Each structure stands twice: as structure tokens, then as C-alpha cells.
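Chemist: Sequence below, structure please.
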Amino acid sequence: MPSTVLIVDDEKNIRRTLRMVLESEGHAVHEAGSIAEAETVLQHESVDLILLDVKLGDDNGIELLRTLKARGEDGMSSRVSEIPVVMISGHATIEDAVAATRLGAFDFMEKPLDRNRVMVTARNALERRRMWREVHDLRRAVDARWELLGGTPIMLDLRRQIAKVAPTRSRVLVTGDSGTGKELIARAIHRNSSVSAGPFVKVNCAAIPPELIESELFGHERGAFTGAIAKKRGLFEVADGGTIFLDEIGDMAQSAQAKVLRVLQTGEFTRVGGEKSLRTDCRVVAATNRDLEQMVKDGQFREDLYFRLNVFHINLAPLKERREDIPVLVQHFIDRFGRDAGKKLRGVSSQAMKVLSDYAWPGNIRELRNTLERAVILCGTGAIDPEHLPSELAAGGGESAYLKLPYGLPLREIEKEYILATLSRLQNNKARTAQALGISEKTLYNKLYRYSGRGPRREDEIDEGGHAIPPEIKVTGIG
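Modeler: Okay, here's the model as predicted:
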């Protein structure tokens with residue numbers, strides 16, 4: 001691919017020769033006879049490769065190389081620090097070559113210059129530049145998918161907390177309702193930490209069966225159990241030098257909690273079926289939507305593990321407590337899903353934005369994300385209107401629009417009426433009701449069973465998935 005090359009040499013004939021070679025390859029060429037001229041070109045032009053002479057009259061090309069590679073964080077400086085530099089000289093010493101290599105020079109060529117050597121070196125350096133750009137763009141795209149959005153006081157305080165704790169190695173416990181973005185917080189902490197160059201390993205503790213969680217976390221040796229046909233590294237081992245994110249830590253099997261505690265205390269663990277003690281040096285971030293303090297009191301979660309995890313606590317507010325951020329989130333998701341679908345949408349109509357802003361979002365950001373992904377699919381190339389939103393949103397919006405309860409009801413009765421109203425609103429679709437309420441289907445089935453007023457569950461009232469089978473409930477007089 002044609003690129004732009006800057007030749008920095010005080011000999012005009014050398015510059016002319018290099019220009020002819022590079023232009024024959026289709027590259028655009030700029031020339032500079034001194035460091036000052038080179039700086040001027042770099043300020044005004046986008047350069048992909050620099051060919052730099054060691055001796056520039058009274059100037060030293062190695063000093064320019066040192067300056068370019070030392071630049072860091074702002075605008076043009078960070079851009080030029082990544083440009084590959086090939087040093088050229090007719091009188092350089094071995095010390096010059098070593099110094100240039102240590103400072104980050106891509107290659108070192110001696111005069112008289114060989115045409116083929118120049119072309120091959122330029123091609124290799126530009127290929128490296130192309131690969132760096134691809135990696136840079138991919139990282140930026142990945143970071144954008146995990147960006148924390150919003151400018152409410154709640155979000156500003158959240159960013160301040162992350163800025164304080166991320167550079168440390170302290171353990172962090174993130175709590176909040178389902179769908180509030182706990183993984184985003186964990187990734188932001190990792191991205192701004194001293195171990196950001198290491199791996200980020202996510203573990204969904206609720207999704208791993210109790211009999212397999214020790215093998216997943218700590219690995220196993222060959223023959224440790226039936227089916228262990230080869231040695232396997234555990235996720236704590238994989239996360240060495242990085243961050244391990246223990247999501248849904250409140251659902252971790254108690255049999256594994258003691259081993260996790262040992263890792264947090266000593267950094268040591270043993271593979272299942274193994275005898276050798278291994279070490280890991282990883283940062284631990286845990287998250288849950290459950291009340292761990294109450295679980296400790298009920299004997300369902302180890303107290304010592306809770307205190308080890310809860311060094312720095314971050315609690316995420318539900319979306320309904322920061323409604324001012326909804327327009328920002330809406331635009332972000334529309335841009336993202338529109339780009340993925342190859343659509344150029346005209347945004348969101350004012351009527352649709354009002355519906356989205358007024359809705360209570362019991363499923364939080366996850367529910368908003370899914371709603372907008374569906375809306376982008378249904379919408380053509382115009383603006384998203386209320387007709388592209390689920391009927392339960394467009395029909396009335398927030399919970400107050402469909403749930404009108406008399407004052408003074410007991411809390412349990414309010415929960416019951418709220419759940420039954422949501423079920424009625426969604427045409428008795430229990431999967432969508434559970435998602436809208438931010439609870440699992442199993443929890444919804446169990447609550448509906450209790451509301452029926454029937455006695456203790458019998459074995460024949462459990463479906464194949466282990467869920468209670470509720471009776472048909474007729475909802476009247478609500479909404």
C-alpha cells in the first residue's frame with residue numbers, strides 16, 4: 001500500500017536517490033536536511049516511515065531518534081513516537097548502531113545504500129506500522145464496547161472511585177442489581193491498573209456446576225477424575241499477571257470457597273488431583289447481585305472470604321436512579337447496533353425518547369440494550385419511533401403508568417401485585433416477565449407458586465428443569 005516516507009539527510013544527492021527508489025514503489029516522499037526541518041514536516045504531515053541519517057551536519061540524528069521515541073501522551077507527540085525509524089550512515093560506529101537499536105530504531109543501514117536493501121527494509125518497516133495500526137484500532141474498538149457512559153453525579157462519583165482504586169492492587173467487590181454493568185466496572189479497573197497488559201479472565205460462578213468449579217478455577221491433573229484425559233490449567237493460573245473477575249460470587253459453591261480463600265491469603269493453590277503447590281499473582285475483582293452480608297448471617301457464604309473480597313466496595317445504582325443518562329446510552333447503543341447492521345439511522349424521535357426515558361427499566365442497562373437492538377432491527381433507515389419499541393413500553397412507559405396500588409399495602413403484597421401486573425402486561429409470558437423484573441425464571445416460578453396459596457411443593461409439582469410448576473393465575477383489577 002502507498003505510504004508517506006520522510007527522508008532526513010543533509011546530503012541532497014542521498015535524498016534524491018532515496019526519493020527515486022521510494023517513489024518507484026508508489027510512496028509519497030518528504031525531505032528534510034536538518035532536525036528543524038524534520039520537526040516542521042512532522043507537525044504538518046502524517047508520516048508512516050522515517051529514514052534518518054546519523055550525521056546531520058552539526059546535528060546528531062540519534063538525538064532526534066531519542067526525542068521521537070521519548071515523546072508520549074499528547075497529540076502529535078504520541079503519534080510520531082510510533083513511527084518506525086530506519087537509521088542510515090556512512091561513518092557510524094558499532095556504538096552508534098547499538099545506541100540506535102536500544103532507542104527503538106527499526107533497522108540500521110550503511111552507505112553506500114543498496115537499492116534492494118532499501119526497498120526490502122522500507123516494506124518490512126511499513127508492514128510493522130500497518131500491524132501496529134490494526135492492533136491500535138482493535139484495542140480502541142474493544143475499549144469502546146466497555147466504555148462507561150453517563151454524566152450524572154452518580155456516574156461521576158463512580159469514575160472517581162475507579163480512578164482511586166484501579167492503580168492499586170486492592171481487591172474490589174462490585175454489587176448491584178442484575179444488568180447494571182458490573183462487568184464494565186471490572187474491566188475499567190483492569191484497564192487502568194498496573195496489570196492492564198496482563199489477561200482479563202472472567203468467571204461466571206453461577207454457570208459452573210458445583211462438581212466442576214474447583215477444576216475450572218484451579219485446574220486438574222491427568223487422571224484426576226473420570227474424563228480428565230489431559231492436564232488442564234485453571235483460570236487462576238491463566239489470570240497470572242492480570243485480573244480475574246469472579247462474577248456472581250454469591251452463587252459459588254461452598255466447597256470451592258475455602259480454596260478461593262487460600263488463594264487470596266497466600267497466592268497458592270493445588271490442581272485437582274495434584275500434589276504440587278502452584279502460585280498465581282493476579283488481581284481479584286468480584287461481583288454479585290446478592291446480599292452477601294445476609295448470606296454470611298445465614299451461613300451460606302464464608303465470613304472470612306467476604307472480608308477478604310470486600311476491601312473496596314463499589315455499589316452500582318439501578319438505571320431508574322440516573323434517568324438523565326438514558327439519552328446518552330440510547331445513542332451509544334443505536335450507533336453500535338446500526339453500525340453492526342450496516343444501517344445509517346437518523347436517531348430517535350422525541351416521542352420514542354420520552355417513552356424510553358419514562359420507563360422504569362427493571363432489567364436496567366441490559367434490558368435497555370436488548371430493547372434498542374430489537375428496535376434497530378425493526379427500524380429501516382429513518383428514526384426509531386414508539387412503534388419500534390416493545391408494546392409494554394410504548395403503551396405507557398414507567399411502572400406508575402400500569403401499577404396503581406392503594407396506599408398502606410404490606411411490602412410483600414406490593415411485590416406480589418407488581419409481579420402479577422408485569423405478568424399480565426406481558427401476556428403471561430414468564431420468560432419475558434423474569435427478564436423485565438431482573439430475576440431468574442426459577443425465582444419467578446417459585447414466587448408465583450407461593451402466591452397461589454397452595455401447600456408445600458410436592459415432587460410431582462417440579463418440572464424437568466427443577467422449577468416449581470405454578471397454577472394458572474387470573475389477574476384482575478390491575479393496570
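Chemist: buried ones in the helix or strand residue 21 falls within?
Modeler: Taking DSSP states H and E as the criterion, the element that holds residue 21 is helix 12-24. Buried residues in helix 12-24, counted by 16 or more other Cβ atoms under 10 Å: 14, 15, 17, 18, 19, 21, 22. C-betas here are computed from N, CA, C, even on glycine.
Chemist: so who does the third one touch?
Modeler: Under the criterion of Cβ atoms under 8 Å, 6 or more residues apart in numbering, the contact list for residue 17 reads residue 113.
Chemist: And it, how close does it get to residue 124?
Modeler: Computed with Cβ to Cβ, to the nearest Å, the distance linking residue 17 and residue 124 is 20 Å.
Chemist: Can you give the contact residues for stretch 30-40?
Modeler: Taking Cβ under 8 Å, 6+ apart as the rule, stretch 30-40 contacts 4-10, 12, 15, 19, 41, 45, 47, 50, 52, 56-57, 59, 61, 63-64.
Chemist: Kindly report the same for stretch 371-391.
Modeler: With Cβ under 8 Å, 6+ apart as the contact definition, stretch 371-391 has outside contacts at 330, 333-334, 337-338, 341, 343-349, 351-352, 355-356, 393-394.
Chemist: swap the cut-off to 7 Å and go again
Modeler: The list of residues contacting stretch 371-391 from outside it, by Cβ atoms under 7 Å, 6 or more residues apart in numbering, reads 330, 333-334, 337-338, 341, 343-349, 351-352, 355, 393-394.
Chemist: now for it, what's the gap between its first and last residues?
Modeler: Across stretch 371-391, the straight-line distance between its terminal residues is 11 Å, by Cα to Cα, to the nearest Å.
Chemist: Report the buried residues of it.
Modeler: 371, 372, 375, 376, 379, 383, 384, 385, 386, 388, 389, 390.
Chemist: what's the farthest-apart pair in those?
Modeler: Of all pairs drawn from these, the greatest distance, 17.3 Å, lies between 383 and 390 (Cβ to Cβ).
Chemist: and residue 233, how many residues sit next to it?
Modeler: Other residues within reach of residue 233, judged by other Cβ atoms under 10 Å, total 13.
Chemist: Check the gap between it and residue 217 for me.
Modeler: The spacing between residue 233 and residue 217, counted by Cβ to Cβ, is 11 Å.
Chemist: Which ChimeraX command selects the buried ones in the contacts of stretch 371-391?
Modeler: Selecting only the buried entries of those in ChimeraX, with 16+ other Cβ under 10 Å as the criterion:
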select :330,333,334,337,338,345,348,349,352,355,393,394
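Chemist: Looking at the contacts of stretch 371-391, which are in helices?
Modeler: Filtering these for membership in helices, criterion DSSP state H, returns 330, 333, 334, 337, 338, 341, 351, 352, 355, 393, 394.
Chemist: Excluding chain neighbours, give the residue nearest to the fourth one in space.
Modeler: Put plainly, it is residue 337. For residue 337, the nearest residue in space outside its immediate sequence neighbours is residue 376; the separation is 4.1 Å by Cβ to Cβ, 6 or more residues apart in numbering.
Chemist: helix/strand/coil for the one you found?
Modeler: Recorded secondary structure, residue 376: helix (DSSP: H, G, I helix; E, B strand; the rest coil).
Chemist: For it, report the pLDDT, please.
Modeler: Residue 376 carries a pLDDT score of 89 in this model.
Chemist: same deal with the one 5 residues further on?
Modeler: pLDDT recorded at residue 381 is 75.
Chemist: ok, it to residue 344 distance?
Modeler: The separation that residue 381 has from residue 344, given Cβ to Cβ, amounts to 6 Å.
Chemist: again, but for residue 106
Modeler: When Cβ to Cβ is applied, the distance between residue 106 and residue 344 equals 40 Å.
Chemist: again, but for residue 43
Modeler: Counting by Cβ to Cβ, the gap between residue 43 and residue 344 amounts to 35 Å.
Chemist: same deal with residue 224?
Modeler: From residue 224 over to residue 344 the distance is 55 Å, taken as Cβ to Cβ.
Chemist: mind listing the strands for the stretch 51-200 of the chain?
Modeler: Assigned by DSSP state E, counting those that start in this stretch, the strands in the stretch 51-200 of the chain fall at 55-56, 59-60, 85-89, 107-110, 172-176, 200-204.
Chemist: Are there helices or strands packed against the fourth one, and which ones?
Modeler: Secondary structure elements in contact with strand 107-110, counted by 3 or more Cβ pairs under 7 Å, 6 or more residues apart in numbering; DSSP states H and E, are strand 85-89, helix 94-102, helix 115-145.
Chemist: Out of the ones you listed, flag the one nearest residue 28.
Modeler: Go through the helices and strands packed on strand 107-110 one by one with Cβ to Cβ and the one that ends up closest to residue 28 is helix 115-145, at 12.1 Å.
Chemist: and stretch 255-267, average pLDDT?
Modeler: The model assigns stretch 255-267 a mean pLDDT of 89.
Chemist: What is the least confident helix or strand in the protein?
Modeler: For the chain, counting by mean pLDDT, DSSP states H and E, helix 75-80 ranks last in confidence among helices and strands (a mean of 51).
Chemist: Give the buried residues for stretch 443-453.
Modeler: The neighbour-count check on stretch 443-453 (16+ other Cβ under 10 Å) flags 444, 445, 446, 447, 448, 449, 451 as buried.
Chemist: scratch that, stretch 50-69 is what I was asking about
Modeler: Within stretch 50-69, the residues that qualify as buried are 50-56, 59, 61-62, 64-66, 68-69, counting by 16+ other Cβ under 10 Å.
Chemist: Select from those every entry located in helices.
Modeler: Counting by DSSP H, the buried residues of stretch 50-69 place 61, 62, 64, 65, 66, 68, 69 in helices.
Chemist: okay, and for this protein, where does confidence drop off?
Modeler: Along the chain, the model assigns pLDDT under 70 to residues 1, 71-80, 92-93, 139-146, 394-412, 425, 427, 453-479.
Chemist: In CSV, could you pull the C-alpha coordinates for stretch 85-96?
Modeler: Provided in CSV are the C-alpha atoms of stretch 85-96 (Å, rounded to 0.1, in the frame of the first residue of the first chain):
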residue,chain,number,x,y,z
VAL,A,85,12.7,4.8,12.1
VAL,A,86,15.5,3.4,9.9
MET,A,87,18.9,4.9,10.7
ILE,A,88,21.4,5.4,7.8
SER,A,89,25.0,6.4,7.9
GLY,A,90,28.4,6.2,6.2
HIS,A,91,30.5,6.8,9.2
ALA,A,92,28.7,5.2,12.1
THR,A,93,30.4,3.2,14.7
ILE,A,94,29.2,0.0,16.4
GLU,A,95,28.3,2.1,19.4
ASP,A,96,26.1,4.2,17.2
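Chemist: so what's residue 441 closest to, chain neighbours aside?
Modeler: Counting by Cβ to Cβ, 6+ apart, residue 441 lies nearest to residue 434, which is 4.6 Å off, once chain neighbours are set aside.
Chemist: How about residues contacting the helix or strand where the one you found lies?
Modeler: With the criterion set as DSSP H and E, the secondary-structure element containing residue 434 is helix 430-437. Outside helix 430-437, the residues within contact range by Cβ under 7 Å, 6+ apart are 362, 363, 367, 419, 422, 423, 426, 440, 441, 444.
Chemist: I figured the first one was touching residue 421, is that so?
Modeler: It refers to residue 362. No: proximity of residue 362 to residue 421 does not meet the contact threshold set by Cβ atoms under 7 Å, at 11.7 Å.
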